[in-house]
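Trainee: Based on what follows, work out the 3D shape:
(chains A and B)
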2 protein chains.
Amino acid sequence: MSNSPSELRWRNRTNLLRHLHLHGPATRATLTTHLRLNRSTIKALVDELATDGLVVERLPDGRERPGRPSPLVIPQPDALVVLSVDIRVDEVVVGLMGINGRVFTRRRWDLRSGWPVEHVLVDIAEYARLLIGESTRPICGVGVAVPGIVRLDDGIVHDAPNLHWNDVALREWFENELRLPVDLGNDAELGALAESTRGVARGAHDVAYVFVDVGVGGGVISRGASLLGTRSHVGEFGHMVVRTGGRECYCGCEGCWETEIGRAALARALNLPENCGREEVAAGMRALLQEPVAVRRALGEVTEWLAVGVCNLVNLLGSDLVVLGGLLAELPAEVVALVEETVQRRSIVSRAVCGVRVEQSSLGQDGPLVGAAEMAFQRALSAPRAAFAGTKRRNPAASLHVESSPVRSR
Amino acid sequence: MSNSPSELRWRNRTNLLRHLHLHGPATRATLTTHLRLNRSTIKALVDELATDGLVVERLPDGRERPGRPSPLVIPQPDALVVLSVDIRVDEVVVGLMGINGRVFTRRRWDLRSGWPVEHVLVDIAEYARLLIGESTRPICGVGVAVPGIVRLDDGIVHDAPNLHWNDVALREWFENELRLPVDLGNDAELGALAESTRGVARGAHDVAYVFVDVGVGGGVISRGASLLGTRSHVGEFGHMVVRTGGRECYCGCEGCWETEIGRAALARALNLPENCGREEVAAGMRALLQEPVAVRRALGEVTEWLAVGVCNLVNLLGSDLVVLGGLLAELPAEVVALVEETVQRRSIVSRAVCGVRVEQSSLGQDGPLVGAAEMAFQRALSAPRAAFAGTKRRNPAASLHVESSPVRSR
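Mentor: As a prediction, this is how the structure comes out:
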């Protein structure tokens, strides 16, 4: 990290913008306190952001306190927009999101099983170009969530088993297609980021996030920041072995968490076909809501394996909050309470920190989409100044045909 | 983080000192490159450190390259010393360590089983005062490693089960006794810090460290920095449940990793009494070295459970290096190779990052002692300037009697 005055100034600007993005409008006085900068520095930075159209200033309505009121600095959602893509196992969701988390546009469509990766990506790119072209707002980046193992250094989807994708150079391909900076992340990890910035884990320091759809993924927030592995993301929670001699998993192990609490396991517990859709499983769980006895009978075993895995996570990671996302957000509240009670009783770390909370996600299925947008914002908000100026010009140039194959030859 | 010029200057000085502490002597030119500061800033900082006696400058011996040689900046081990304490289940080690990792003094003594916590601490404090009083060098801090769950916010040992310690206000007590800043950490976590600063994990970004003595502990280095939980340390690896329906653990669970690979499990595998000492187990493993068949027969089951746990760690944490410390550093090399091969084959994350390495600790039993010193240095090197000036004066003032009980009344 270099420390020249201009870089210092840019870092302060970035911190200010990030604060407004995450916390919404704030008075200059609040910003002075939170960012630990003096008033004249804050004024200069706010003036600069106002000139760039990123904020407006307004005197607050109420005049409860005597003295000169501190102007309210209001971020302008329109001023900085990212494109967010959530590729799921059986559908795609694409949206435009503005600063401070405002959603402008959003569309979802089904993904046909076995549809080749090239076709899926061409569809996404076409729709993305449409959105970008129509937008009157500058798009400053793209975030993409993928249900698989993503290598951070080269932006390659190494393995998305439920999509049957291997070694897809997704970042490079989208960057070529859309002529915008693209960031790529694992869906569950981005879900964790979303919960910690705009969901139930907001303000929590150490969070383990479990996301159940077809597979089981996870993300970790440690001391308020996403935990990242070296080349891969962290949190293949689904492939923690929890049950000795349990069912065979496609990964080659037996008794993985995924085989015990994934969508197929939930479907089995509810007497539904193993390959049924997300909505059927969710509906099956909702149908149990009025019948406590049926809940225990149907979900008793899933509850036990959920508790075993959550207990391991808490003991290993020292989390003080565990967030259950995806299909787990549909679990009856009493199952969640039972898991929390079991973990508090069994986990030696929970006993040391006086109780770990287990909560259901407040963003539900939207976690990865919101998280992908946040990831793109993280880059955009700290981008060098030139990037802001350039965004409007650079968007529509992307060509309409596929220039190269995203699939690596091996 | 405030950014005033004086704080910026202090941060630069801290970074420079830390670089010399971790990497040893360096030319001013190297420091300029590594710290990304300009030559005049480096010169001013080095001059300041030389005035404070923390470094000396010397022209390098060789004159291989033409031009004016860049002076070599050499940290002075004597100039900044910390006291390091490693409390183990059956012994205590106390040492003095200087800047750049030089060990000056070191002593160990046995800990009688069941010896009350007050007596253990009084013994340590007495010996520590002796060392501090005799030292001609300023002691700037104390680091203490404990085999248990340490709460970082209040410096309390919440639970050290193998010592039968509960809620011991160790940091406060030592601070009162020694009149020095005291930092407290879990032994395995400090072992991880030691491996990453001075051991086999030096330079590695994402490390899981497993430390086996009576219990099984762990530490995580994520992107080059220690991973910390909120109030507790992370890494109660020993209480990850790996074996469904396995042996009962004192923590209340069954089949914890600790019951499968801890010292008692190793002793059972070697046909030794479960409560035998560290040296007996280590000797038992060394005796196997020449007999590959006996290794497989004796340690086959331990190897399997070791692999299951390591595989879970890699899948959850995305580590690219797993370091086996404590008694695991005595394992025959073929067992380690087998664990590595198994993890590379089974772990979906290892396959994604093209192989995870499993290596034995290079610091052996010394990990926690070295790590405790590093923890104390982390604070000392970033302490405000006044702390350096004051250290010499403040040392010998500590009183000789126990002023308060370290055990919390509950």
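Trainee: wait, residue A:28 sits on residue A:47?
Mentor: No - taking CB atoms under 8 Å as the contact criterion, residue A:28 and residue A:47 are not neighbours in contact, 10.6 Å apart. Backbone N, C-alpha and C define where each C-beta goes, glycine included.
Trainee: I'd like to check the angle between the lengthiest helix in chain A and helix B:292-317, please.
Mentor: Among the elements of type helix in chain A, defined by DSSP state H, the one spanning the most residues is helix A:292-317. Counting by axes from the mean of the first three to the mean of the last three CA atoms, to 10 degrees, helix A:292-317 lies at 110 degrees to helix B:292-317.
Trainee: Show me what secondary structure element comes after helix A:292-317.
Mentor: Counting by DSSP states H and E, the next helix or strand C-terminal to helix A:292-317 is strand A:321-326.
Trainee: how much space between residue A:139 and residue A:54?
Mentor: Here the criterion is CB to CB, to the nearest Å. By it, residue A:139 lies 15 Å from residue A:54.
Trainee: let me redo that: residue A:352
Mentor: Between residue A:352 and residue A:54 the computed distance is 44 Å (CB to CB).
Trainee: Can you name every helix or strand that the longest helix of chain A contacts?
Mentor: In terms of contact count using 3 or more CB pairs under 8 Å, 6 or more residues apart in numbering or on different chains; DSSP states H and E, helix A:292-317 is assigned the packing partners strand A:207-212, strand A:216-222, helix A:257-261, helix A:263-269, strand A:321-326, helix A:333-346, helix A:348-352, helix B:292-317.
Trainee: Taking helix A:333-346 as reference, get the angle to that helix.
Mentor: Angular relation of helix A:292-317 and helix A:333-346 on a 0 to 180 degree scale: 40 degrees, by the same axes, to 10 degrees.
Trainee: now helix A:292-317, how far from the centre of its chain.
Mentor: On the basis of CA atoms, centre = their mean, to the nearest Å, helix A:292-317 sits 24 Å off its chain's mean C-alpha point.
Trainee: So for it, mean pLDDT?
Mentor: This predicted structure assigns helix A:292-317 an average pLDDT of 91.
Trainee: orientation of it relative to strand B:207-212 in degrees?
Mentor: Using the same axes, to 10 degrees, the interaxial angle of helix A:292-317 with respect to strand B:207-212 works out to 90 degrees.
Trainee: one step back: which one's more surrounded, residue A:28 and residue A:47?
Mentor: Applying other CB atoms under 10 Å in any protein chain shown to residue A:28 and residue A:47 shows that residue A:28 carries more neighbours, namely 18 against 12.
Trainee: how close does that one sit to residue A:45?
Mentor: The spacing between residue A:28 and residue A:45, counted by CB to CB, is 10 Å.
Trainee: What of residue A:83?
Mentor: Summarising the geometry, the distance separating residue A:83 from residue A:45, computed by CB to CB, is 27 Å.
Trainee: So these two - more neighbours on which side?
Mentor: Using other CB under 10 Å as the criterion, residue A:83 and residue A:45 rank with residue A:83 on top: 30 against 23.
Trainee: For the more buried one, which three-state class applies?
Mentor: Using DSSP: H, G, I helix; E, B strand; the rest coil as the criterion, the local structure at residue A:83 reads strand.
Trainee: got a pLDDT number for it?
Mentor: The per-residue pLDDT reported for residue A:83 equals 96.
Trainee: Quick check: closest non-adjacent residue to it.
Mentor: residue A:142 (4.6 Å; CB to CB, 6 or more residues apart in numbering or on different chains).
Trainee: What residues are bridge-paired with that neighbour?
Mentor: Using DSSP bridges, the bridge partners assigned to residue A:142 are residue A:83, residue A:182.
Trainee: got the contact list for it?
Mentor: Taking CB atoms under 8 Å, 6 or more residues apart in numbering or on different chains as the definition of contact, the neighbours of residue A:142 are A:82, A:83, A:84, A:85, A:128, A:174, A:178, A:180, A:181, A:182, A:183, A:376.
Trainee: how about 7 Å then?
Mentor: If a contact means CB atoms under 7 Å, 6 or more residues apart in numbering or on different chains, then residue A:142 has A:82, A:83, A:85, A:174, A:178, A:180, A:182, A:376 as its contacts.
Trainee: biggest separation within those, which pair?
Mentor: Taking CB to CB as the measure, the contacts of residue A:142 reach their widest spread between A:82 and A:174, a distance of 13.0 Å.
Trainee: any weak-confidence spans in the stretch 51-200 of chain A?
Mentor: A:62-67 (pLDDT under 70).
Trainee: Get me the contact residues on it for chain B.
Mentor: Along the stretch 51-200 of chain A, the residues adjacent to chain B under the rule CB under 7 Å from any CB of the partner chain are A:149, A:151, A:158, A:159.
Trainee: got JSON lines for those, with neighbour count too?
Mentor: As requested, those are exported to JSON lines (neighbours: other CB atoms under 10 Å in any protein chain shown):
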{"residue": "A:149", "neighbour count": "25"}
{"residue": "A:151", "neighbour count": "21"}
{"residue": "A:158", "neighbour count": "22"}
{"residue": "A:159", "neighbour count": "22"}
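Trainee: quick one: which of these sit in strands?
Mentor: Secondary structure of these is defined by DSSP state E; positions in strands are A:149, A:151, A:158, A:159.
Trainee: what are the bridge partners for the closest residue to residue A:58 other than its chain neighbours, then?
Mentor: Closest residue in space to residue A:58, ignoring its immediate chain neighbours: residue A:72 at 5.1 Å, by CB to CB, 6+ apart. The residues listed as beta-bridge partners of residue A:72 by DSSP bridges are residue A:27, residue A:58.
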